[in-house]
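Chemist: The following block contains a protein sequence and its predicted model.
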Amino acid sequence: MLIRNAPDLKDCDVTDQGLYLARRQFIAGAAGLGLAACGGASPASAAPLKYSPNRMSIDENKTPLDDVTGYNNFYEFGTGKEDPAAYAKMMRSRPWTITVDGLCDRPGSVDIDELIRRFPLEERIYRMRCVEAWSMVIPWVGFPLASLIKSVGPKSSAKYVAFETLRDPRQMPGQRSAVIQWPYREGLRLDEAMNPLTLLAVGLYGQTLPNQNGAPIRLVVPWKYGFKGIKSIVRIRLTDRRPQTSWQMLAPGEYGFYGNVNPAVDHPRWSQAKERRIGEFFRRKTLPFNGYGEQVAHLYRGLDPRKLY
C-alpha cells in the first residue's frame with residue numbers, strides 16, 4: 001500500500017558474515033535559527049516523546065519492539081545482529097552536539113535536545129528494507145531533514161548532503177577493528193534530502209531512540225536500503241561534490257551511492273527479488289523503491305536503474 005501525501009530469505013541464504021565483511025567543531029553565529037553552541041543536555045532516557053501522528057505512514061503490521069531493538073546492523077558495536085543491543089549501552093547519547101556546515105548561510109552547532117525542541121516531531125510508520133534481504137515496519141518519531149536544511153539557508157551551489165557518525169572507540173568498541181574506515185559516512189543528493197519522506201529520527205514506538213537504533217539521531221530514507229540510514233549523527237555538511245560513503249569505499253562493486261531498493265537488480269551475491277519480513281515465515285516480493293515509487297521515482301527519471309544501487 002502506498003503512502004498518501006496528507007519475507008523471506010534466511011540469514012544463511014544471504015551471505016556468510018565473514019564474506020560480508022570483505023565490506024566538532026564549527027560554531028557560528030546563527031542565533032536567529034538556534035544553530036549555536038548550547039549548554040549541557042539532559043541525560044539519555046527512555047522517556048516518551050511528544051509528537052503528532054503523520055499521514056505519511058503505511059497501514060501494515062508493525063514489527064514488534066523487541067525485534068526492532070534486538071536485531072540490528074550497527075557495526076560500531078560489532079558485526080553480529082545482537083551486538084548493538086549488548087554493547088550500545090556503553091555509549092552516552094547526552095550531551096550530544098550536531099554540526100551543520102558547508103555550503104549554507106547559517107552554519108553552526110546545536111545540542112540535540114535544543115534541536116528537538118525547534119522542530120515539531122511526527123510519527124512516521126515506514127517500511128525498512130535491509131540490503132541483506134530482510135525487512136521491518138517501524139514507527140519512527142522525528143522531523144523532516146528538509147526542515148533542518150531550510151533553517152541553515154543552503155547555497156545555490158549545494159548539490160549534496162554528507163553525514164558522519166560519532167567516532168569514539170571507547171564508547172563504540174566495534175570501531176576498534178578495521179571493518180570499515182571510521183567514522184561511518186553517508187550521503188544523499190540534495191533533492192533526495194529535501195524529499196518529504198526523508199526523516200531525521202529521534203525516537204521509535206513513541207520513546208526516545210535506543211542507542212542500538214542510532215541514538216540520539218539517525219537518518220531514515222525509506223525507499224533506500226538500510227545501510228543508507230546513518231546512525232548517531234554528529235555532522236551534516238552541504239557540499240557541491242558527491243560525498244564518499246562508507247560501503248561504497250569498502251566495496252564499490254557491491255554498494256553504490258544511491259542504494260535504492262530495486263528487486264530487479266540483484267546484489268552480486270544474492271537476489272533482491274524477495275525479502276523476509278521479520279516475524280513472518282514466508283518470503284514476500286520486494287517492492288520497487290520499497291513501495292514508495294509514487295513519491296520518489298520522479299527523482300531518477302532518465303537515469304539507468306542499474307546505476308541507482
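Modeler: Thanks, I have the structure now.
Chemist: can we go C-alpha only for contacts and neighbour counts from here?
Modeler: OK.
Chemist: need the contact list for the spatially closest residue to residue 105 that is not a sequence neighbour.
Modeler: Nearest residue to residue 105, sequence neighbours excluded (Cα to Cα, 6 or more residues apart in numbering): residue 153, at 5.0 Å. Neighbouring residues of residue 153 by Cα atoms under 8 Å, 6 or more residues apart in numbering: 104, 105, 106.
Chemist: tell me the pLDDT at the closest residue to the last one other than its chain neighbours?
Modeler: The reference is to residue 106. Residue nearest to residue 106 in three dimensions, not counting chain neighbours: residue 152, with 4.7 Å by Cα to Cα, 6+ apart. With respect to pLDDT, residue 152 scores 98.
Chemist: The contacts of residue 153, buried ones only, as a PyMOL selection?
Modeler: Command for PyMOL, covering only those of the contacts of residue 153 found buried under the criterion 16 or more other Cα atoms under 10 Å:
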select buried, resi 104+106
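Chemist: could the contacts of residue 153 be laid out in CSV, adding secondary structure and pLDDT?
Modeler: As requested, these are arranged in CSV below (DSSP: H, G, I helix; E, B strand; the rest coil; pLDDT from 0 to 100):
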residue, secondary structure, pLDDT
104, strand, 98
105, coil, 98
106, coil, 98
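Chemist: how many other residues sit next to the residue nearest to residue 106?
Modeler: 21 (other Cα atoms under 10 Å).
Chemist: before we move on, what about residue 184?
Modeler: Each residue near residue 184 was counted by other Cα under 10 Å, and the total is 21.
Chemist: was I right about it contacting residue 172?
Modeler: No: contact criterion Cα atoms under 8 Å: residue 184 and residue 172 do not qualify, at 11.8 Å.
Chemist: Would you map the helices across the stretch 151-300 of the chain?
Modeler: With DSSP state H, counting those that start in this stretch as the criterion, the stretch 151-300 of the chain has helices at 190-193, 246-250, 293-296.
Chemist: Quick check: buried residues in the last one?
Modeler: It stands for helix 293-296. Those would be 293, 295, 296, for helix 293-296 by 16+ other Cα under 10 Å.
Chemist: Of all residues in this structure, which one is nearest the centre?
Modeler: residue 229 (1.9 Å; Cα atoms, centre = their mean).
Chemist: For residue 155, see how far away that one is.
Modeler: 24 Å (Cα to Cα, to the nearest Å).
Chemist: do residue 268 as well
Modeler: Distance, residue 268 to residue 155, using Cα to Cα: 38 Å.
Chemist: Of those two, which one has the most company?
Modeler: Taking other Cα under 10 Å, residue 268 and residue 155 do not tie; residue 155 has more neighbours (15 against 10).
Chemist: would you list every one of the strands in the stretch 1-150 of the chain?
Modeler: Assigned by DSSP state E, counting those that start in this stretch, the strands in the stretch 1-150 of the chain fall at 52-53, 97-102, 108-111, 122-129, 134-144.
Chemist: can you tell me which of those strands comes nearest to residue 72?
Modeler: With Cα to Cα as the criterion, residue 72 lies closest to strand 134-144 of the strands of the stretch 1-150 of the chain, at 10.8 Å.
Chemist: Parallel or antiparallel, list what pairs with that closest one.
Modeler: strand 122-129 (antiparallel), strand 199-204 (antiparallel), strand 274-277 (parallel) (DSSP bridges).
Chemist: Fine by me, we can end here.
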